[in-house]
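Participant: got a sequence here, can you build the structure:
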Amino acid sequence: MKTLLINALLILSLFASAPVLAQDEPLRVGMSGQYFPFTFVEQDELKGFEVDVMNALGDQLGRSIQYETANFSGLFGMLEAGRIDTVANQITITAERQQAYVFSEPYVYDGAQVVIKKGNTEVQGVEDLKGKTVAVNLGSNFEALLRELPYADQINIKTYESNLERDTALGRVDAFVMDRVSASQIIKEKPLPLALAGPPFSQITNAYPFRDTEAGRALRDQINQALAALRDNGTLASISEKWFGTDITQP
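Facilitator: Next up is the predicted model:
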């Protein structure tokens, strides 16, 4: 009898120490709603590649998704405060971010791209940004990529919450830097006189960040399993083809 009681207590202690992931609670996902075509608002509806992928992940996990929108620069603060469970906003894996968060497997493979006003012959690639004013989204990794360039001290970097493409088209800045996929879609879809300047100058991989806690790591593992299933059954490729006409979910 005593042995049975001890075994029962051991089992209860194991359950008590395991991270609790309430499957009936919605998965709280932060995004800006301002990064076309990945996340944007159209007729009061949140749309985009990120939304479609996250909805598919929710279906795979059997969990509803609760979206929380905020300026991109505030999303990591929301994650750290526990107000959201992860961020779906083309979050690039960087060494600095890996020190603070745990990441899922990548689900987007892309590159950093310089974009200019059409007809700007002074900037034909990243090497021509010396002495120029360049816009990036506030809090994005593109500012860090520019600061890693050997001539970074010769670039005037200007940060934006949104609409950096508009100011580039109006000539208020010389160029902006964004991922190549988004930049190509902006040029294709928006009536702005913009053009790509040269090839991508840095390869980037994007994934979902989670708090580096027992529960955060457990949720990361669940997301990885769901991503693998969506990759195997062709759902990720199908969503990518819908938005971009190509599969950006494979290396």
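Participant: parallel or antiparallel, list what pairs with the longest strand anywhere in the chain.
Facilitator: Criterion DSSP state E: the longest strand present in the chain is strand 108-117. Its sheet considered, strand 108-117 pairs with strand 175-179 (antiparallel), strand 194-196 (antiparallel), strand 202-206 (antiparallel) by DSSP bridges.
Participant: what's stretch 47-54 in contact with?
Facilitator: If you take C-beta atoms under 8 Å, 6 or more residues apart in numbering as the criterion, stretch 47-54 is touched by 27, 29, 31, 35-41, 65, 67, 88-90, 107, 230, 236, 239-240, 242-244. Placement of C-beta: from N, CA and C, glycine included.
Participant: right, so the strands paired with strand 108-117: which one is the most enclosed?
Facilitator: Of all the strands paired with strand 108-117, strand 175-179 has the most neighbours on average by mean count of other C-beta atoms under 10 Å, namely a mean of 25.
Participant: can I get the CA coordinates of that one in CSV?
Facilitator: Presented in CSV, the C-alpha positions along strand 175-179 are these (Å, rounded to 0.1, in the frame of the first residue of the first chain):
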residue,chain,number,x,y,z
ALA,A,175,16.1,53.9,-50.9
PHE,A,176,14.5,51.5,-48.5
VAL,A,177,15.6,48.0,-47.5
MET,A,178,13.1,45.2,-47.0
ASP,A,179,12.9,41.5,-47.8
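Participant: Gly77 belongs to a strand?
Facilitator: No - assessed with DSSP: H, G, I helix; E, B strand; the rest coil, Gly77 is helix; it does not lie in a strand.
Participant: neighbours of it, how many?
Facilitator: The number of residues packed near Gly77 is 13, by other C-beta atoms under 10 Å.
Participant: do Asp232 as well
Facilitator: For Asp232, using other C-beta under 10 Å, the count is 9.
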